[in-house]
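Visitor: what follows is a predicted protein model with its sequence.
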Amino acid sequence: MVVAAQPVPPPAGGYDHRRPEGDTVAAPAEELDVDGVAVRLTSPDKVYFPALGELGTKRRLVEYYRAVATMTGRPILTALRERPTHLQRFPDGIEGEEVYQKRLPAKGVPDHIASCRVTFPSGRRADVLRVTKPADVVWAANLGTVTFHPWHVRCADVDHPDELRIDLDPQPGAGFAQVRAVALDVVRPVLDELGYRALPKTSGGRGIHVYLRIEPRWTFVEVRRAAIAAGREIERRAAGAVTTSWWKEERGEATIFVDYNQNARDRTIASAYSARRTPRATVSTPLGWDELADAEPDDLTIATVPGLLARRGDPMAALDDVAHSLDPLLELAARDEANGLGDLPYPPNYPKMPGEPKRVQPSKSRPDTVGNAPPVGRGLPDLG
């Protein structure tokens, strides 16, 4: 059972963010010691989560990230280490402008920051953040990063994923309880039958992500094909509650969409232990399957997750113990294809892919067309 911990106060000796009433002078910049590396903290009293008041300042967010980057096991490093990582930044707080940053800044990057070169679906390349140490996480948090978005590859081989992700995305009107029921009653048994040991985490909202460590032997196309097969098997067993239909108009009464495209190149989801853009500053939190049965996403926040980790450790620490073969899922995919179930649409910013059906909303499709991909740039921007 997951029990919310008490809020974790700033470290002993840390700056006291409280100021006399009416004092509007901005707090000066500070230098934090992050595992022996000096990291600058600017505007520590800026409010990032207005609903939390003084408990929702930039300082609180940065201290949260320092905690989960430096505590025993370094949980967020388990999730980010050596992965190309994009930054979802809110420099003026979650009610301000969002910056989805893929490329590292051209200037002002400290010496401890490493990069990793990736290729986007457009064919363009870029150097993105490569997390190697706790200071990298805190540096990014000081830039206003609320959520980290890692690729499902390691920088040593950016073309062969080592992770398959099952994204259970609730549709309008669906709640966390419905997603949890599908995760426990359908997804887990399917994966168990295939011989897979997977790990769930909350999305930080109403959804659930299930992670499966795989051998880095398959391409993005093959991993996505395996994810489609997993989604279809989950759909078959979920009695109408789940859909893999890309187009919303085809989802009918289903309450949960398995977003198979989260396994395509340059598609990311919030990392484990990332904060989210929610009023309560919720955190995308890995859980044991037994914990998931009683979990409530609103209880898992930047104030409570460090305490939870201190009490029972990081469930994600064991994820790397076994790297699975995709063969069982690819066999399912071959069976589906033999029964007439082929590929599904890619996101709009991808080039037209071999074997892909028409990428056009079914109600607007014409029988005399084969469909072409929309222009590059309709999805998340390649910033920089």
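Guide: Okay, I see it.

Visitor: can you tell me the element Asp290 falls in?
Guide: Element membership of Asp290 [criterion: DSSP states H and E] is helix 289-292.

Visitor: how long is stretch 312-325 from one end to the other?
Guide: 29 Å (C-alpha to C-alpha, to the nearest Å).

Visitor: neighbouring contacts of it?
Guide: Residues outside stretch 312-325 that contact it (C-beta atoms under 8 Å, 6 or more residues apart in numbering): 72-73, 75, 78-79, 162, 195-197, 199, 201, 211-216, 272, 286-288, 291. Bear in mind the C-beta positions are built from the backbone N, C-alpha and C, glycine included.

Visitor: repeat that for 7 Å
Guide: Stretch 312-325 is contacted from outside by 73, 75, 78-79, 162, 196-197, 199, 211-215, 272, 286-288, using C-beta atoms under 7 Å, 6 or more residues apart in numbering.

Visitor: could you point out the helix or strand that follows the helix holding Asp290?
Guide: With DSSP H and E, the next secondary element past helix 289-292 is helix 305-312.

Visitor: and the longest strand anywhere in the chain, what does it pack onto?
Guide: In the chain, taking DSSP state E as the definition, the longest strand is strand 163-170. For strand 163-170, the contact count by 3 or more C-beta pairs under 7 Å, 6 or more residues apart in numbering; DSSP states H and E identifies helix 176-182, strand 208-213, helix 220-237, strand 256-258 as packing neighbours.

Visitor: for it, give the mean pLDDT please.
Guide: For strand 163-170, the mean pLDDT works out to 98.

Visitor: and it, what's buried?
Guide: Counting neighbours by 16 or more other C-beta atoms under 10 Å, one finds that the buried residues in strand 163-170 are Glu163, Leu164, Arg165, Ile166, Asp167, Leu168, Asp169, Pro170.

Visitor: now the residues you listed as JSON lines including distance to Lys364?
Guide: As requested, those are exported to JSON lines (distance: C-beta to C-beta, whole Å):
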{"residue": "Glu163", "distance to Lys364": "35"}
{"residue": "Leu164", "distance to Lys364": "32"}
{"residue": "Arg165", "distance to Lys364": "30"}
{"residue": "Ile166", "distance to Lys364": "29"}
{"residue": "Asp167", "distance to Lys364": "26"}
{"residue": "Leu168", "distance to Lys364": "28"}
{"residue": "Asp169", "distance to Lys364": "23"}
{"residue": "Pro170", "distance to Lys364": "26"}
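
Visitor: before we move on, back to that, got the CA coordinates for the longest strand of the chain in PDB?
Guide: Output of strand 163-170 as PDB, limited to C-alpha atoms (Å, rounded to 0.1, in the frame of the first residue of the first chain):
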ATOM      1  CA  GLU A 163      12.800  -0.100 -23.500                       C
ATOM      2  CA  LEU A 164       9.200  -0.800 -24.700                       C
ATOM      3  CA  ARG A 165       6.600   1.400 -23.200                       C
ATOM      4  CA  ILE A 166       2.900   0.700 -22.900                       C
ATOM      5  CA  ASP A 167       1.100   4.000 -22.400                       C
ATOM      6  CA  LEU A 168      -2.400   3.700 -21.100                       C
ATOM      7  CA  ASP A 169      -4.000   7.000 -22.000                       C
ATOM      8  CA  PRO A 170      -7.400   7.700 -20.400                       C
END
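
Visitor: tell me what angle that strand forms with helix 220-237.
Guide: Between strand 163-170 and helix 220-237, the angle comes out at 40 degrees (axes from the mean of the first three to the mean of the last three C-alpha atoms, to 10 degrees).

Visitor: can you tell me the closest non-neighbouring residue to the residue nearest the centre of the chain?
Guide: Here the mean C-alpha position of the chain is nearest to the C-alpha of Ala270 (C-alpha atoms, centre = their mean), at a distance of 1.8 Å. Spatially, and ignoring its direct neighbours in sequence, Ala270 is nearest to Ser284 (4.5 Å; C-beta to C-beta, 6 or more residues apart in numbering).
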